[in-house]
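S.K.: Here's a sequence, model it:
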Amino acid sequence: MELVYLWVEDYKNIHKQGFNFSPRFECKYDGETLTICDKKEKECKDNNYIENFFSDNINVTAIVGKNGSGKSSIFESLLSKKKVFIVVFDNELKVYKKSTISVDSNYSTEPLNNFFKNILYYSIGNKYISQVNIQLSYIDIRRTNELITKNYFRLHEYEFDIFNFIPEYIHFRFLTDFKLIESDESTDDTILSIKSNLSILRTADSGSIKDALNALRDFDDAYINYLLYQFEDISNLFEQIDLTESLHPKDGYLNFDVNEIQEILKECDIDFISKENFNKLKNNEYDKIPINELNSIFDEEYIELLFIKMRDFLEFDFYSINDANFNSLSNGEKTLYLFFINLIEYQEEDFLFILDEPDNTLHPNWQKKLLDELIRLLNKLEKKAHIIFTTHSPFLLSDIPKQNIIFLDTDDEGKCKVVDGLNEKKETFGANIHTLLSDSFFMEGGLMGEFAKGKIDKAIKLLNQKHLDEKDLKYCEQIISIIGEPIVKNQLERMLHNKKVDYLAKDTREEIELLKYRIDLLSKRL
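M.R.: Numbers count the residues shown, from 1 in each chain. All right, here's what the predicted structure looks like:
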């Protein structure tokens with residue numbers, strides 16, 4: 001599936017603007033009629049299409065622009081379905097739109113909701129997920145431990161050029177400083193919602209709450225906290241107990257044993273870990289378990305509970321055969337692993353992979369290799385994908401032909417507009433990194449840091465003065481000596497040399513005048 005065109009009617013700073021995502025198709029929409037030119041079939045305005053450039057089943061589109069130009073707003077408007085229509089190529093061209101949007105075209109149309117089922121999305125913090133009204137598949141860093149374990153055998157099948165950390169063992173460590181989730185503040189005679197810890201419940205005025213806690217007397221506070229956490233708030237847990245006919249107050253507390261409580265709770269629809277297994281985890285009895293033996297120690301359902309239900313109570317780490325551990329990897333390495341594992345786990349064979357600034361947290365050397373690694377892995381997985389990403393990284397952009405890039409800028413009113421490439425129509429593919437950086441899409445005012453620029457500008461200003469004293473000459477000499485850019489350094493060294501000559505000449509003239517004066521004085525004494 002390939003995203004061909006997106007039209008945004010009105011969203012944030014995007015107003016009546018179309019975006020062409022495919023180098024093969026050239027789309028235009030005038031507010032009523034959609035026209036599409038297929039560069040593979042006929043001559044279009046710009047016939048720069050290279051078939052299967054990235055791979056037979058893979059296409060890549062980059063979105064670049066200054067901050068505030070609308071890069072992220074494109075994704076946000078696309079995912080939240082705000083007055084948009086979408087053109088997709090999936091063996092044939094299709095238009096996905098809301099019924100309220102009028103599009104006159106020769107292509108089949110489908111409801112907009114049908115478009116979103118085959119999208120895998122990534123951004124740091126998944127910042128748009130809460131804003132969209134669709135079930136969107138997205139890369140979730142909280143699932144990393146689960147996915148590493150589930151895909152253990154498949155991870156051994158793939159080798160990555162960037163680094164080759166292969167997990168062999170898993171280690172659990174129980175956290176003692178976990179906090180309960182907060183729920184509503186409503187109270188009544190029998191229910192008190194969780195606030196921050198168990199001590200609030202222990203000192204509560206309600207007798208029935210104390211009775212209920214006494215009923216759980218054979219559980220330690222850590223396990224009670226875990227149960228409360230799993231049941232979302234104390235009301236859900238206590239209601240299960242209070243509604244059970246076998247419970248009856250006796251001697252100031254509800255009289256039944258721990259096994260009875262366990263049986264009662266097992267009848268609930270909420271999964272939880274038994275006290276016995278909980279205590280094994282709490283006592284750190286599991287140390288460097290071979291990942292391929294997890295299923296023999298825990299059943300599959302229990303493994304899921306470990307990584308999902310217990311992730312706020314346990315710290316996980318993975319070790320390779322040479323004792324390197326996952327938690328010692330840098331944020332960039334973990335991010336890359338996150339991409340790879342999610343692609344291995346993702347079930348769809350034909351999808352859009354949308355990434356909002358994937359280069360964040362990545363070392364420049366990994367930025368250079370990211371796209372190549374993703375394409376190689378997708379080919380190994382035999383998946384068909386259209387990768388679409390926003391970026392500020394010229395390293396990533398140097399892998400992309402200009403016709404596969406959407407260049408954004410803003411007009412005088414601050415509205416998003418699509419422009420025709422970099423300044424002076426430079427090519428991006430294989431371009432020198434300094435050439436890309438020097439373009440205003442990445443850097444305005446040059447490539448130099450502002451602090452360094454200020455110091456050098458001061459030296460230039462001094463060297464342009466008619467006369468310099470010894471202090472100013474020393475400042476210029478020190479600054480010029482540490483400049484790393486050879487052209488700037490050489491030019492300033494020439495200017496400094498001339499000023500030194502002038503300074504020495506001035507000293508010589510002054511010394512000559514002084515000597516003349518002394519000669520005159522001596523002459524008068526004769």
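
S.K.: Tell me who's in contact with Ile119.
M.R.: 79, 136-137, 351-352, 354 (CB atoms under 8 Å, 6 or more residues apart in numbering). To be clear about C-beta, it is placed using only N, CA and C from the backbone, and glycine gets the same treatment.

S.K.: Take the residues you listed and keep only those in strands.
M.R.: Counting by DSSP state E, the part of the contacts of Ile119 found in strands is 137, 351-352, 354.

S.K.: Return the set of buried residues in the top strand by length along the chain.
M.R.: Using DSSP E, we find that the single longest strand of the chain is strand 2-11. Within strand 2-11, the residues scored as buried using 16 or more other CB atoms under 10 Å are 2-9, 11.

S.K.: and Glu157, how many neighbours does it have?
M.R.: 10 (other CB atoms under 10 Å).

S.K.: before we move on, back to that, closest one to Asn342 out of the buried residues of strand 2-11, please.
M.R.: Top of the list for closeness to Asn342, among these and by CB to CB, is Leu3 at 19.3 Å.

S.K.: per-residue pLDDT, the residue lying closest to that closest one once chain neighbours are set aside?
M.R.: Leaving aside its sequence neighbours, Leu3 sits nearest to Phe21 (CB to CB, 6 or more residues apart in numbering; 4.6 Å). The model reports Phe21 with a pLDDT of 92.

S.K.: which residues touch Phe21?
M.R.: Applying CB under 8 Å, 6+ apart to Phe21 gives the contacts 2-6, 61, 386, 388, 406.

S.K.: before we move on, the earlier item: okay, the buried residues of strand 2-11 in JSON lines with distance to Ile119 next?
M.R.: Formatted as JSON lines, the buried residues of strand 2-11 follow (distance: CB to CB, whole Å):
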{"residue": "Glu2", "distance to Ile119": "13"}
{"residue": "Leu3", "distance to Ile119": "9"}
{"residue": "Val4", "distance to Ile119": "15"}
{"residue": "Tyr5", "distance to Ile119": "16"}
{"residue": "Leu6", "distance to Ile119": "13"}
{"residue": "Trp7", "distance to Ile119": "18"}
{"residue": "Val8", "distance to Ile119": "17"}
{"residue": "Glu9", "distance to Ile119": "21"}
{"residue": "Tyr11", "distance to Ile119": "18"}
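
S.K.: Now render these as JSON lines, adding distance to Ile36 and pLDDT.
M.R.: Compiled in JSON lines, those are given as follows (distance: CB to CB, whole Å; pLDDT from 0 to 100):
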{"residue": "Glu2", "distance to Ile36": "13", "pLDDT": "92"}
{"residue": "Leu3", "distance to Ile36": "13", "pLDDT": "93"}
{"residue": "Val4", "distance to Ile36": "8", "pLDDT": "93"}
{"residue": "Tyr5", "distance to Ile36": "8", "pLDDT": "92"}
{"residue": "Leu6", "distance to Ile36": "13", "pLDDT": "93"}
{"residue": "Trp7", "distance to Ile36": "12", "pLDDT": "91"}
{"residue": "Val8", "distance to Ile36": "18", "pLDDT": "91"}
{"residue": "Glu9", "distance to Ile36": "19", "pLDDT": "89"}
{"residue": "Tyr11", "distance to Ile36": "23", "pLDDT": "88"}
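
S.K.: re earlier: and the contacts of Phe21 as TSV, adding distance to Ile101?
M.R.: Output for the contacts of Phe21, formatted as TSV (distance: CB to CB, whole Å):
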residue	distance to Ile101
Glu2	21
Leu3	17
Val4	16
Tyr5	13
Leu6	12
Thr61	23
His386	23
Ile388	22
Ile406	21
